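Novice: Predicted coordinates and the sequence they were generated for:
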Amino acid sequence: MRKGSEFYVFLIICSLSVLIPGCKLLRPPTVSTSQVSNIGPNAATAGGNVTNDGNSDILVRGVCWSIKKSPTVEDLRTTDGYGMGVFTSAIAGLTTNTLYYVRAYATNEEGTSYGNQVTFTTSKFSAPVLTTAAITGITQTSAVTGGNITFDGGVEVTERGVCWSSTRTIPDISDSKTSNGTGSGLFTSNIAGLTGNTTYYVRAFATNTEGTGYGESLSFKTSPLIPVLTTANPSVTSSTTASCGGTITSDGGSAVTVRGVCWSLSPNPTTGNSKTNDGTGTGIFSSLLAGLSVNTTYYIRAYATNAVGTAYGDEKQFATDPVTVSDNDGNTYNVIRIGTQVWMKENLKTTKFNDNSPIELVTGNSAWSNLTSNGYCWYENSIANKNVYGAIYNWYDVNSGKLCPAGWHVSTDNEWITLEIYLGGSSPAGGKLKETGTAHWLTPNRGATNESDFTALPGGLRRGDNGAFESVTSYGFWWTASEYISPESWYRKIWYDDDKTYRDFKNSKYGMSIRCVKD
């Protein structure tokens, strides 16, 4: 009677599963096993295909294998995701030359199903098995390592060594390598040709007919280098001082403990010569040089020192300012630095060009106004004005290119512009250039401070149209070496009654004062 009742209950449940919408009967999944491929001595590739989930989500799938028939999930297995469809499994840790049985499996909440059983036999031989030796003897360009071949794979090792790279963390024999004989066991490799302060990755390798095996990848860093740096362009600041510095772009892998510049009267100065000490570390630094000799040429290099040694930047050269300069007449002039320029502090008064050829002294008014070549004079033709105001020259003298002492030249229009900008513009540049007081300038000599130490004086001019002298004590006029439109050229003018400099042009026959600038 009980068995009959159970049968009727079963029929009712089956009927309900058909008649009630949405009601599905759960069952184990359906899965098939793929053929094994990529068979090696210790690994292979398998997989399967879950074609039916049994109306329940696939919780896990994979393959299981054993040296016995009908392997189950209690044996070795892979876990290769979930859900239906095709999957691939990587089988590893196998024994060489061994027959294995493998089945795909899939599990849902109703249970685990297995696919058809397939077999495969692993290869008899394999690539060698080995380890990488610790790295020792590290220098800037070399290191010592090696390996230990613990299993030759059943086939003789025909090549062994280490391979390395500074860019790939897992190097192989396509990278740099050594060749250290044949056979199993321990071997040593000497790595050479490396770059200092660089990280390298290295692996031991061994090759037989089955392939190449590798040890684990190790890393090491070569020893530090000396720093890398450049020397800044030196800047002369007076007759006995200058500034320089440098930029350290790399400390070489070791901290920079001292840096600065060194200088000498001879090329290739070192820290054994005069030097500054300007802190530590990399980057830009500045150096101040003092106690230099007047009008002297020096060689200079930046330097930086780390634990490895001292490195030097490129060599530069500079000359300190002179205090005075003399012309070919034997006249001596004081010299003044204003910004980046070195000027004579007085108006020129030579009667000779710097090649010792004479400049014509022209006194007559008509003779002056008719000149088409060089000529000079003293204001009002009085040599008593020589030491105060200097000589008056026409622009033909300027255009000769040899009016100033060797190593100097007549100031150009652009050099006057640079001077004016440095002093704050046309106004107040005129006041900063003028001699103070009224010993030579007319009252009120407005705005005169002479803070530049230029000591401009009102030497007047000589006209080019009639040869007349005018404007002494009220105006100072200075030719530039820059032509405007022939026969006219640029000049500068400073007046007693304001603090400006005036820029204008006049005919080359006019006579004006000259200031020279160091080349």
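Specialist: Received it, and whenever you're ready, just let me know what you need.
Novice: now stretch 483-498: how far from the chain's centre is it?
Specialist: Stretch 483-498 sits 47 Å away from the centroid of its parent chain (CA atoms, centre = their mean, to the nearest Å).
Novice: quick one: terminal-to-terminal distance for that stretch?
Specialist: The straight-line separation of the ends of stretch 483-498 (CA to CA, to the nearest Å) is 27 Å.
Novice: Can you give me the buried ones in it?
Specialist: 483, 488-496, 498 (16 or more other CB atoms under 10 Å). Using the backbone N, CA and C atoms, a C-beta is placed for each residue, glycine as well.
Novice: go on, stretch 370-377?
Specialist: 371, 374-377.
Novice: measure the closest residue to residue 161 other than its chain neighbours to residue 99 for me?
Specialist: Spatial nearest neighbour of residue 161, chain neighbours left out: residue 178 (3.9 Å); criterion: CB to CB, 6 or more residues apart in numbering. For residue 178, the distance to residue 99 (CB to CB, to the nearest Å) stands at 40 Å.
Novice: what's the answer for residue 179, then?
Specialist: To residue 99, residue 179 is 38 Å away according to CB to CB.
Novice: sorry, back to before: inside strands: which ones of the buried residues of stretch 370-377?
Specialist: 376-377 (DSSP state E).
Novice: Between the buried residues of stretch 370-377, which sits nearest residue 37?
Specialist: Nearest to residue 37 among those is residue 374, at 101.0 Å by CB to CB.
Novice: Please determine how far the closest one is located from residue 45.
Specialist: Plainly put, residue 374 is 99 Å away from residue 45 if you go by CB to CB.
Novice: now residue 310
Specialist: For residue 310, the distance to residue 45 (CB to CB) stands at 60 Å.
Novice: domains for the chain, by residue range?
Specialist: For the chain, automatic domain parsing gives the domain ranges 24-121, 129-221, 228-319, 328-518.
Novice: in the protein, which ranges drop under the pLDDT threshold?
Specialist: Residues of the chain meeting the criterion pLDDT under 70: 1-23.
Novice: And residue 178 and residue 99? Which one has more around it.
Specialist: residue 178 (20 against 9; other CB atoms under 10 Å).
Novice: That one and residue 147 touch, don't they?
Specialist: No. The pair residue 178 / residue 147 is not scored as a contact, 10.3 Å apart, by CB atoms under 8 Å.
Novice: Quickly list what's touching both of those two.
Specialist: 162, 189 (CB atoms under 8 Å, 6 or more residues apart in numbering).
Novice: Which parts of the chain are helices?
Specialist: Under the criterion DSSP state H, the chain carries helices at the ranges 2-19, 365-369, 386-389, 395-399, 413-422, 426-433.
Novice: hang on, residue 165 packs against residue 199?
Specialist: No. Residue 165 is beyond contact range of residue 199, at 10.1 Å (criterion: CB under 8 Å).
Novice: Compare neighbour counts for these two and give me the winner.
Specialist: Taking other CB under 10 Å, residue 165 and residue 199 do not tie; residue 165 has more neighbours (18 against 11).
Novice: Could you report the neighbour count for the nearest residue to residue 464 once chain neighbours are set aside?
Specialist: Counting by CB to CB, 6+ apart, residue 509 is the residue found nearest to residue 464 once chain neighbours are left out, at 3.0 Å. When neighbours are counted by other CB under 10 Å, residue 509 registers 20.
Novice: And residue 297, by the same measure?
Specialist: 10.
Novice: Residue 317 is in contact with that one, correct?
Specialist: Yes. Using CB under 8 Å, residue 297 makes contact with residue 317 at a distance of 6.5 Å.
Novice: need the strands for the stretch 351-500 of the chain, in chain order.
Specialist: Listed in chain order, the strands of the stretch 351-500 of the chain (DSSP state E, counting those that start in this stretch) span 376-377, 392-393, 408-410, 461-462, 469-470, 475-485, 488-495.
Novice: Need the ones you listed in TSV (columns: distance to residue 418).
Specialist: As requested, the strands of the stretch 351-500 of the chain are exported to TSV (distance: least, CB to CB, whole Å):
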stretch	distance to residue 418
strand 376-377	27
strand 392-393	22
strand 408-410	14
strand 461-462	24
strand 469-470	29
strand 475-485	12
strand 488-495	12
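Novice: separation between residue 468 and residue 360?
Specialist: Using CB to CB, residue 468 is found at 19 Å from residue 360.
Novice: If you could redo that for residue 49, that was the one I meant.
Specialist: For residue 49, the distance to residue 360 - CB to CB - is 113 Å.
Novice: next one: residue 141
Specialist: The gap separating residue 141 from residue 360 is 73 Å, by CB to CB.
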